[in-house]
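Visitor: build me a model:
(chains A, B and C)
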Amino acid sequence: MKVSMVRTLILRDLDRHRHYIALSIVGGVVALALIQVGGEAPTILGATWFFISLIVLGSMLPISNVINERKKQTLPFLMSLPLSVIQYTAAKMLSTVGMFFVPWLTLVVAGVSFIVGRRDIPNGIIPVMMVAATFTFLGFCVIAAAALISESEGWTVAATVISNSSYGFIWYLLMRNAAIRNDLKSAVAVWSTPIMTALTVEIAMIAVILAVTFYVQTRKRDFV
Amino acid sequence: MHDSFVISQSDKRPIYLQIMEQIKRRISVGDWSEGQPIPSIRQLAVDLQVSVITVKRAYLELEREGVIVTQQGKGSRVAPNPGLGMRLQEQELRKHLEQAIRLSALLGLQPEELEGRLREACDDAAAKERE
Amino acid sequence: MMDLAIKLNGVKKKYRFFTLDNIQLRVPQGQIMGLIGPNGAGKSTTIRILMGLVHQDQGEVQVLGHRMPAEQVAAKWDIGFASDDMRLYDSMTLEWHMRFIRFVYPQWDSAYAQLLLKRFGLREEQKIKGLSHGQRVKATLLLVLARRPRLLVLDEPTTGLDPVARHEILRELTAVMSDEGRSILFSSHNTQDIEQISDQITFIDRGRIIDSMDKETYLDRWRRLRLEVPAGVELPALPGIINIRQNGRLAIATANVFVPDLANAYENSGARVQSIENMTLEEIFVANVEHSREEVGV
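Guide: Have a look, this model is predicted:
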């Protein structure tokens, strides 16, 4: 029985990146530990570090998993195996997104549990945290799409810069909304309309970007 | 058996001729006797690291000269009268020499002068080989 | 009807600065095809098209009976591909790669793989980034050879290798031919390799096929005639002669369709034929490319 090429490729990508994944999870957990330690500086450091772990992972993964395959010229080696462009693209997107998603989910769950567990931190932070965390996922998808479609390190770095610079702006947009600002202090998580709208837009954009990327990739006639 | 076949890169003659010559040499010194099976075309190609088509050509020429015999599905073997092939070439040489004698008579040459012409031609050919 | 391992018919591919035009290629099963041409001639592009890695603009491509690129997955089960711009994963070991390939291809021959490790002088626990150029090429070929694929497609397999490594590889490639169901297509600008092991030769230059036929016939068609031209004698233009270079009383004529009559024709014109020589593939290569470029008017 012939092995599933898609599964094989995903496992190989995971194999080669296990250190990255482990490090980002450790980074996020250390960040939470800092917040646990208490005090203004550690808390701010920890909160920042929490998101940085995800942002760094999101920036490194597309370069290492996608661009380097072209740069280091290992792509012809893979394409000489019995697989089609569609299978390669599917495997590559699944492994890239998957390798981000797992640490992302882990850290989100850890973060939410942390906030719920700490009585002195209002649960009102959770919705905003979710919007911010989902934005890191969206930012990652933009970088991954750039890497897959452009096949160029230059364009990918450009996408990374644009994506990473927009966090400040997004935070500004969120905090402009008085309702959101007030709900931050609430002891209960408030899933207000602006929050839900933001989440919906983010998720929709993620879906569209991934779908368009897959479509464009499979239409390429000069793959290697 | 054929391990000592050597294809020389510096030898300017085509590879198939080198193969033919080495096979004929084996036969003439008696290493390979009448009726003895010889390596298949593919086997010899692999052992000498040359193309199959080259060995095929060598074998075809050898068969034409009556030195070997190939049977469909049974491979090749030394012909029953391998010397015959070489005798044919001797006959050919004789014909050419007789023609040379006729031409030299037309030119009014003596046998010694004809010998001299032959020596000259041999020396020229050897000089070309060395280039 | 002989089975064709590879069939290309009227294949065209246009790039911005380069066009591959009307490529016809036939590789019968059980034979070695040598693809020869200068750098940038289109050898690699042709190879990528027949591997289904690049989609042709026009024309029919069939490999082992499969239409390419549509049926490339089925075809690639039986094809071993290696190109000189292909790399393995730097930070992984040769052993990791062997396991990878063995996992994908059930027909991996472990015993042969071990034998090749010894013959090529490779250690499987070594990381790829620690290998020299020659070792890396041999490692890549090992991964392809140990599967015993029905068709080997190799883009410059001996380029940049020292004579010993070249010899090791040619030995394994010719060994493949002991099975008449297996075929090889390889490209090279090392004419010695092509001349030694190819059954068929295809010449390609500037995106066009110049010649394609069996090697022995091809080599037999080319001759260099050295002529002595006495004063007042004009050398006739003869069919099958593509080039005459005259310097004073000596001339060299290059024939690409030699027949003994050509020598007689020169003698009849008053010139003396000093010698008729076979040409090496390298000499043919240069003469052929120059001639074809003159013809096209480039």
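Visitor: name the residue of chain A that lies nearest to chain B.
Guide: Per Cβ to the nearest Cβ, residue A:80 is where chain A lies closest to chain B, at 25.3 Å. For every residue, glycine as well, the C-beta is placed using N, CA and C.
Visitor: lowest average confidence, helix or strand, in chain A?
Guide: Lowest mean confidence among the helices and strands of chain A (mean pLDDT, DSSP states H and E): helix A:68-71, at a mean of 82.
Visitor: now that helix - C-alpha only, PDB.
Guide: Output in PDB follows, covering the C-alpha atoms of helix A:68-71 (Å, rounded to 0.1, in the frame of the first residue of the first chain):
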ATOM      1  CA  ASN A  68      14.400  28.000   2.400                       C
ATOM      2  CA  GLU A  69      13.100  25.100   0.500                       C
ATOM      3  CA  ARG A  70      13.500  27.200  -2.600                       C
ATOM      4  CA  LYS A  71      16.700  29.000  -1.500                       C
END
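Visitor: contacts for that helix?
Guide: Residues outside helix A:68-71 that contact it (Cβ atoms under 8 Å, 6 or more residues apart in numbering or on different chains) are A:74-75, A:78, A:92, A:151, A:153.
Visitor: so which of those is the most crowded?
Guide: Using other Cβ atoms under 10 Å in any protein chain shown as the neighbour test, those are led by residue A:92, with 23 neighbours.
Visitor: does it belong to a helix, a strand or coil?
Guide: Secondary structure, DSSP: H, G, I helix; E, B strand; the rest coil: residue A:92 is helix.
Visitor: enumerate the residues of the stretch 51-200 of chain C near chain B.
Guide: Residues of the stretch 51-200 of chain C lying close to chain B by Cβ under 8 Å from any Cβ of the partner chain are C:170-171, C:174-175, C:177-178, C:180, C:192, C:196-200.
Visitor: in strands, which of those residues fall?
Guide: Filtering these for membership in strands, criterion DSSP state E, returns residue C:200.
Visitor: nearest spatial neighbour of residue 129, chain-adjacent residues omitted?
Guide: The chain I'm using is chain A. residue A:111 (6.2 Å; Cβ to Cβ, 6 or more residues apart in numbering or on different chains).
Visitor: that answer is for a different chain, and I need it for chain C
Guide: residue C:90 is the one closest to residue C:129 (Cβ to Cβ, 6+ apart), at 4.2 Å.
Visitor: quick one: the strands in chain C?
Guide: C:4-14, C:19-28, C:32-36, C:58-63, C:66-67, C:79-83, C:151-155, C:183-188, C:200-205, C:208-214, C:223-228, C:241-247, C:250-255, C:272-278.
Visitor: circling back to that earlier point, for the residue nearest to residue A:129, give me the pLDDT.
Guide: Per-residue confidence (pLDDT) for residue A:111: 89.
Visitor: right, and residue B:75 touches residue B:36 too?
Guide: No - taking Cβ atoms under 8 Å as the contact criterion, residue B:75 and residue B:36 are not neighbours in contact, 11.2 Å apart.
Visitor: out of the strands of chain C, which one sits most buried?
Guide: strand C:32-36 (a mean of 27; mean count of other Cβ atoms under 10 Å in any protein chain shown).
Visitor: can you name the residues in contact with that one?
Guide: Against strand C:32-36 from outside (Cβ under 8 Å, 6+ apart): B:51-52, C:6, C:25, C:27, C:43, C:46-47, C:173, C:177, C:183-189, C:191, C:193-194, C:197-204, C:215, C:281, C:285.
Visitor: adjacent strands (with direction) for that strand?
Guide: Applying DSSP bridges, strand C:32-36 is found paired with strand C:183-188 (parallel), strand C:200-205 (parallel).
Visitor: can I get those in TSV with mean pLDDT?
Guide: Shown next, in TSV, are those (pLDDT from 0 to 100):
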stretch	mean pLDDT
strand C:183-188	95
strand C:200-205	94
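Visitor: near chain C at all, the helix or strand where residue B:55 lies?
Guide: Element membership for residue B:55 (DSSP states H and E) is helix B:52-64. Yes - Helix B:52-64 is in contact with chain C by Cβ under 8 Å from any Cβ, via B:52-54, B:57.
Visitor: neighbour-wise, give me the winner out of these.
Guide: residue B:54 (28 neighbours).
Visitor: isn't it right up against residue B:45?
Guide: Yes - taking Cβ under 8 Å as the definition, residue B:54 is a contact partner of residue B:45 at 7.3 Å.
Visitor: still on that earlier bit, in ChimeraX, how would I select just the buried ones from the residues of the stretch 51-200 of chain C next to chain B?
Guide: Buried members of these can be picked out in ChimeraX with the line below, counting by 16 or more other Cβ atoms under 10 Å in any protein chain shown:
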select /C:170,174,177,196,197,198,199,200
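Visitor: farthest pair within the residues of the stretch 51-200 of chain C next to chain B?
Guide: Spanning the widest gap among these are C:180 and C:192, at 25.0 Å by Cβ to Cβ.
Visitor: and which of the residues of helix B:52-64 next to chain C is nearest to chain A?
Guide: residue B:52 (26.1 Å).
Visitor: just to revisit the earlier point, just flag the most distant two among the contacts of helix A:68-71.
Guide: A:78 and A:153 (18.8 Å).
Visitor: point out where the chain drops to low pLDDT.
Guide: You didn't pick a chain, so chain A it is. A:1-2 (pLDDT under 70).
Visitor: look at chain B instead
Guide: In chain B, residues with pLDDT under 70: B:1-4, B:82-88, B:131.
Visitor: backbone dihedrals for the residue lying farthest from the centre of it, please?
Guide: Within chain B, the residue lying farthest from the chain centre (Cα atoms, centre = their mean) is residue B:108, at 34.0 Å. Dihedral pair for residue B:108: phi 80, psi 30, per degrees, to the nearest 10.
Visitor: how far away is the residue positioned nearest the centre of chain B from residue B:64?
Guide: Nearest to the mean C-alpha position of chain B, counting by Cα atoms, centre = their mean, stands residue B:21 at 4.7 Å. According to Cβ to Cβ, to the nearest Å, residue B:21 stands 15 Å off from residue B:64.
Visitor: tell me the contacts of residue 135?
Guide: No chain was given, so I picked chain A. A:167, A:170, A:202.
Visitor: that answer is for a different chain, and I need it for chain C
Guide: Counted by Cβ under 8 Å, 6+ apart, residue C:135 has contacts C:120-122.
Visitor: same thing with residue B:69?
Guide: Counting by Cβ under 8 Å, 6+ apart, residue B:69 has contacts B:63, B:76-80.
Visitor: follow-up on the earlier one: quick check: the residue nearest to residue A:129 touching residue A:50?
Guide: Yes - in this structure, residue A:111 is within contact of residue A:50 by Cβ under 8 Å, at 6.5 Å.
Visitor: those two - which one has more neighbours?
Guide: residue A:50 (25 against 22).
Visitor: domains in chain B, by residue range?
Guide: Following automatic domain parsing, chain B resolves into domains at B:15-81, B:84-130.
Visitor: the residue nearest to residue B:81 when sequence neighbours are not counted in helix, strand or coil?
Guide: Computed as Cβ to Cβ, 6+ apart, the closest residue to residue B:81 that is not its neighbour in sequence is residue B:66, at 7.0 Å. State at residue B:66, reduced to three classes by three-state DSSP: coil.
Visitor: thanks a lot, see you next time.
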